[in-house]
Each structure stands twice: as C-alpha cells, then as structure tokens.
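In: One predicted model, sequence on top.
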Amino acid sequence: SSLGKRPHQITAMRGTRKYRHIIDTPDPGKWELAGYEESLPISEKSNPITREMDKADPNTLVQLLRDCDAEIFQEEDETIINYQRLYSESILKTVAEIAKKVQLIIENPEDGLIVLSGCGTSGRLALLLANSFNRLMKGLHQSPCYTYIIAGGDRSVVAAQEAPEDNPARGQEELKRVCEGKKKVVFIGISCSLSAPFIAGQLDFCMKNLDVFLPVLVGFNPVSMARNDRIEGWNSTFRQVAEQMQNLHDSQRAFVLNPAVGPEGLCGSSRMKGGSATKILLETLFLVAHKASSKVEVTEKCLLEILRTYERAHKVTYSQSKKIAALVKQSATSLQKKGHLYLLGWGTLGLVGIMDAVECAPSYNADWRDVRGFINGGYHTLENQEGALTSLGPQFTISHEDFVKSVLPSVSETDTIVFLFTMDDEVTEVEKLVELVKEKTSNIHAICHATAGQYLPNSTKKMIPNPIVITWPILFLEYEGAFIQKFQRELSSKWILDTVTSGAHVLKGKVYRNFIVDFAICNSKHFQRAVSVLQRLSGHPETRCTETLLQSIYGEQTEQMRNTEMSQHIRAAMSRDKEID
Ligand code: S6P
C-alpha cells in the first residue's frame, strides 16, 4: 500500500529539495520505505537499483553503480522515514561542531592528537586521510597532529586481514599506545556499518576517559540499526556503545556522524559507498577545521561549497561511463581467462589502487594474485607508520620496481594493466613503464587526471590507445584548493576502480542478483551476512539458515559445534575454501 503512494511522494519530495544539485540526484529509493528488509540495517539491505545486476552488460553495470553512488548526495525526504542524509541540517551542524573541536587540536598540536581508526577499507582510508592532512599542515609550517590506526596493523593496509576487526581489546590497546602522553585527543572511529567490535572497544575506552578523549563515531546507519549481537569477550554490543555515544551528543562530549547513503550496489560491500562517503565527510570536516584555524568562520555555506565539489566529481567521473564500461569488460575477460588485473598508480592514486585490489580477496573469494595494486616508491610513498613490510612475503611487495622484477616476467596477453596518474606526475616515468609492459600485453589502459588546459602528450596517447582522461576545472582557491582537487581525483579514481573491480567480478559470475554468493567468511560480520543472504534467497528462517551454514562449515560434526563461540566457526570456515556457494 505504501508503494502505491509513491508518485505523490516523489512530487512532494521534488518540491522540497533545498539545494541546486549538480548531478541529477535520484528520487527516494524503495529501500527508504518502512518495511523494506526491515530487520536489516541500511548498509546490509539489497539495493533495489541493482536487483538484476547479475544479468547486466558492462554499460548497464556502470549506469547502475553510478546511480547507487549518486544516492550519497540525495536529500532527506520528510514524507518517508526521514533518515538524515549528507545534506541534512543535523549532519551539517554536527560536522561544524566537530570541526570546532578539531580546530582546538590543530591550534595546540603539542598536547593534542587527532586519531582516525578503522578496519579494512575504513582503516586504509584512515591512513590516507591522516597523511593528507599532515601534509596540509606541514605545508603551512604547522606540526602535524593526525595519526591513524588500522585493525591488524600496517600489514592490513596491503593485504586483507579481516579477523582483527572482531577484537575490541586490541582496539583499546592500540588506541592507548598511539595516545600516550597526549592531553586532548579527538578520536574518529569509522565503522561504515556501525558494527566493528575493534571500534566499539575504542569508543568505549574514550567514553571512560572523557577528560582526554572526544569520541566521534562515523558510519552510515542510524544508531537504532547498529549491530546488536554479543561481542565475544566483551560486555556490550556495538549498538549499546553507539547509544551511549548518542546520549553524550547533546552535551558535545561525543558525536555520532551517521548520514544514510543508501544500500551498497553490491549487498554489504561497504568499501564502495561507505568508503566514498567516509572520505567525503571527513575531508570536508577537516578542511573546514583548517579554514577555521586561519580565521574563516565555519558556516553551512562553506560546508556546502566543499560538499558540492564532490558532487561535481561524481558528474565529471561518470561522464566517462562508456570508457569505464570498456575497462570493466576488459578486466572481466582477463579474470575469466584466469588472467590478472594490475593497477599501477602514482602517489596517493597508488594507494587508491591498492585499496581496491586488496578488497577483491575477501569480497569475492578471489586469490590475492588476481587483482593487485602497486605504487611508485612503494612504502616510502605510502608513508605508513611501520615502514617497509616487503620482508613479510610476496603479497607485501607493492612498488613499481617490485612489479617489474617479480610480476612483469610472467605477464601475458590475458592480463590487463591500468595506469593511474595525474598530469602533474612525471609522465615520462609513466611512459617508461608502459614501454616495458607493452612487450607483454596489449591490454593497457589508463585513468589520467588533468586540469583544464593540460593535455596528454602525443607520445603517451600513442602508447595507450583509449585512456580515460578526466579533465578538472581550475580551482582558484587559496592553499586548500590544491587539496580539494587532489581529494576529488582520488575519489574519482576510487569510483572508477570500485566499478571496475566489482563489475568484473559480477561478469565473472560471483554475484546472484546483487548478492555476492562467493565470499570468504573471515569475521563475524561475514558469518551473519552469509546467514542473511541464505535467508533472503531461500525464504527459510534464520535458525535453519544458520544450521545450513554450520553444516557447510563442519560437515558431519555440526552437532558438537553448534554451541561453540563464533570465533571458532570463523576459524573453521577460514580453513575451508568453500562457504556458501
Ligand atoms: C567491505 C570491506 C571490509 C570493510 C571492513 C570494515 O567491503 O571488505 O574490509 O571495510 O570490514 O567495515 P566497517 O563497516 O566497520 O567500516
């Protein structure tokens, strides 16, 4: 019945839009209606847009994911459930309030620290953002005051380690370690799905030490949808922690920053929209905090100006949809033929490539060698705290030299290589590497960012026949302008690569409707997701689906294992290679 009312609701909603949008933001999705997959948080719902993506061709796939990404910028619709969204007043107000607290740290860097923490993609983004803003500070001759924590340590930056996110005690230990001796700490805990125990532990610790810590929770579900199952070895659930945080919100002793951005295009894949929204939200927040410290008042207008540049980036990026689709197709062909996809990036775009590559293993049960990312200068350019990790094994080799030495000799015509760079990088270096790769495969692609007036040299064009060249307008802004431009390029590359890696796996047959049906169960979130996917596909109740999953993990011994801890199920699942397919 509520569906029947949709046309009116859409008209009403159009009338209430507050901002002139840069992209055509979609009308509210069916997922916003009461009753749509009611028991699931937004981050785990299946997006109605991509319901039939498993049957889509590359062009359609790109359009569908483009529309899902556009939901990030959609406004709240008071006629439906009233989720707060990126542009909602409540969110803008919270961003401004947190920015003021961050500003205090920026102005007193000796005693203070801003800590960004996350698991998986959220942890990699913590590294990327902390480094960006430290660089911004150094450029202003200020002492850098950002740092990051990633569950599992730096090795998780370049290789997926999904298990450490289940450990709240480790989260606390890490937090205590990085904050030692600091008098004021703004702690930003990122958990897109409001679920990671590692982050719950840290927020809990902050709330017990409010004299030093200001905890901020960033994610994309309402608090009432935060995960509520027992955390092993811990006495509260994520939801309880989030509720406590919410209670401290009004007195500004803690903040929850959680706009809804809609379900992921691929069910539960929070690396995609969740990751992009994290980047948009936090970069905006820190940028205004830095502006404020140079005496520019933080106003809603100033926040909106920055947010709009990201909305513009969406439009600019997806104006290349045809070429992106060609890259999706080529990458899928490589993966289908048991070939590889290699992403060779310069500067922070190298990290964006690594981020996308690393997630293919846990997301699609892919081999870590299937999709790999490399960065010029390796760990030196990555600027991670623990320095070079190359000695840990081949999975940890990430420089272009490593690629040339240990991967290139076996590259063949079945492999696809993507170069990721900006026209401000040393294009001659790019050409040198293309020259080497060309001897092995003709499947050479590029994502290249230019500023209006910059053109790719003819010599490069000859080597890379059909590059995706994204030309950005010149931003006549003060010092921060250059950073905004860099952030846009990173996000644009992320959007393209998310689409390429996800699209390629969809075409490879890893997805049924928009459910990933072949993924590795490496943590409790994956276990629950597996049960929930089984439920939605079979229509059977939760208990029966849990039973089926346990059977597929333990085979004969299911009976004895039924009452053991979740961590045991995960260990057992990880020692098998087949889970729910
Ligand atoms: C999701 C990705 C994961 C998540 C990680 C943290 O696509 O595979 O690595 O980033 O599980 O998730 P969250 O919801 O706590 O940010």
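Out: Nice, I can see it. Residues are numbered from 1 along each chain as shown.

In: Touching, residue 136 and residue 293? I think so.
Out: No: Residue 136 sits out of contact with residue 293 when judged by C-beta atoms under 8 Å, with a separation of 11.1 Å. Where you see a C-beta, it was placed from the backbone N, CA and C, and this is true even at glycine.

In: The two - which one has more neighbours?
Out: Neighbours were counted for residue 136 and for residue 293 using other C-beta atoms under 10 Å; residue 136 has more, 21 against 18.

In: need the residues of the protein near the ligand, please.
Out: Residues of the chain lying near the ligand by C-beta under 6 Å from any ligand atom: 118-122, 165, 190-193, 195-196, 269-271, 274, 359, 362-363.

In: Buried only: go through those residues for me.
Out: Among the residues of the chain next to the ligand, those buried by neighbour count (16 or more other C-beta atoms under 10 Å) are 118-122, 165, 190-193, 195-196, 269-271, 274, 359, 362-363.

In: Identify those among those that sit within helices.
Out: 121-122, 274, 362-363 (DSSP state H).

In: Please identify which of these is nearest to residue 535.
Out: Distance ranking of these against residue 535, using C-beta to C-beta, places residue 363 first at 20.2 Å.

In: just checking, the closest one touches residue 270?
Out: No: using C-beta under 8 Å, residue 363 is not in contact with residue 270; the gap is 10.0 Å.

In: Go through the helix ranked longest in the chain and flag the buried ones.
Out: In the chain, assigned by DSSP H, the helix with the most residues is helix 480-507. Going by neighbour count (16+ other C-beta under 10 Å), the buried part of helix 480-507 is 480, 483-507.

In: Now do it: distance to the chain's middle.
Out: In terms of C-alpha atoms, centre = their mean, to the nearest Å, the centre of helix 480-507 is found 10 Å from the chain centre.

In: Quickly run through the sheet partners of the next helix or strand after it, with directions.
Out: Downstream of helix 480-507, the next assigned helix or strand under DSSP states H and E is strand 511-512. Sheet pairing of strand 511-512 (DSSP bridges) gives strand 515-516 (antiparallel).

In: My read is that residue 290 contacts residue 133, right?
Out: Yes: counting by C-beta under 8 Å, residue 133 is a contact partner of residue 290 at 7.5 Å.

In: Quick check: the residue of this protein nearest the ligand.
Out: Here the chain gets closest to the ligand at one residue, residue 120, 2.1 Å apart by C-beta to the nearest ligand atom.

In: Now do the phi/psi pair for that residue.
Out: With angles defined as degrees, to the nearest 10, residue 120 sits at phi 60, psi -130.

In: any low-confidence regions in this protein?
Out: Flagging of the chain using pLDDT under 70 yields the residue ranges 1-17, 81, 476-477, 577-581.

In: Recalculate using a threshold of 80.
Out: Counting by pLDDT under 80, the chain shows low-confidence ranges at 1-20, 24-28, 77-82, 295-296, 475-479, 556-560, 562, 576-581.

In: Could you check stretch 414-428 and say which residues are buried?
Out: Neighbour-count burial for stretch 414-428 flags 415-425, 427 (criterion: 16+ other C-beta under 10 Å).

In: I should have written stretch 525-544 there, sorry.
Out: Within stretch 525-544, the residues that count as buried by 16+ other C-beta under 10 Å are 525-536.

In: Equivalent analysis for stretch 547-565, please.
Out: For stretch 547-565, burial by neighbour count (16+ other C-beta under 10 Å) applies to 547-550, 552-554.

In: Please narrow those to those residing in strands.
Out: Counting by DSSP state E, no part of the buried residues of stretch 547-565 is found in strands.

In: can you put those residues in TSV and add distance to residue 281?
Out: Shown next, in TSV, are these (distance: C-beta to C-beta, whole Å):
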residue	distance to residue 281
547	40
548	38
549	34
550	38
552	38
553	37
554	41
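
In: and residue 406, what does it touch?
Out: If you count contacts by C-beta atoms under 8 Å, 6 or more residues apart in numbering, residue 406 has them with 394, 397.

In: mind listing the helices for the stretch 401-550 of the chain?
Out: 427-438, 458-463, 480-507, 524-538, 542-554 (DSSP state H, counting those that start in this stretch).

In: brain fart, the stretch 51-200 of the chain
Out: For the stretch 51-200 of the chain, the helices defined by DSSP H, counting those that start in this stretch occupy 58-70, 89-107, 121-139, 155-158, 168-179, 197-208.

In: and what of the stretch 201-350 of the chain?
Out: 238-249, 273-293, 300-318, 321-336, 348-358.

In: How much space separates the residue of the chain closest to the ligand from residue 23?
Out: According to C-beta to C-beta, to the nearest Å, residue 120 stands 28 Å off from residue 23.

In: Equivalent analysis for residue 322, please.
Out: Counting by C-beta to C-beta - residue 322 and residue 23 are separated by 17 Å.

In: Tell me which of the two has more neighbours.
Out: Counted by other C-beta under 10 Å, residue 322 and residue 23 do not tie: residue 23 has more neighbours, with 18 against 12.

In: Surely the more buried one forms part of a helix?
Out: No: residue state for residue 23 (DSSP: H, G, I helix; E, B strand; the rest coil) corresponds to coil; a helix is not indicated.

In: Now it: closest residue in space, sequence neighbours ignored.
Out: Counting by C-beta to C-beta, 6 or more residues apart in numbering, residue 315 is the residue found nearest to residue 23 once chain neighbours are left out, at 4.6 Å.
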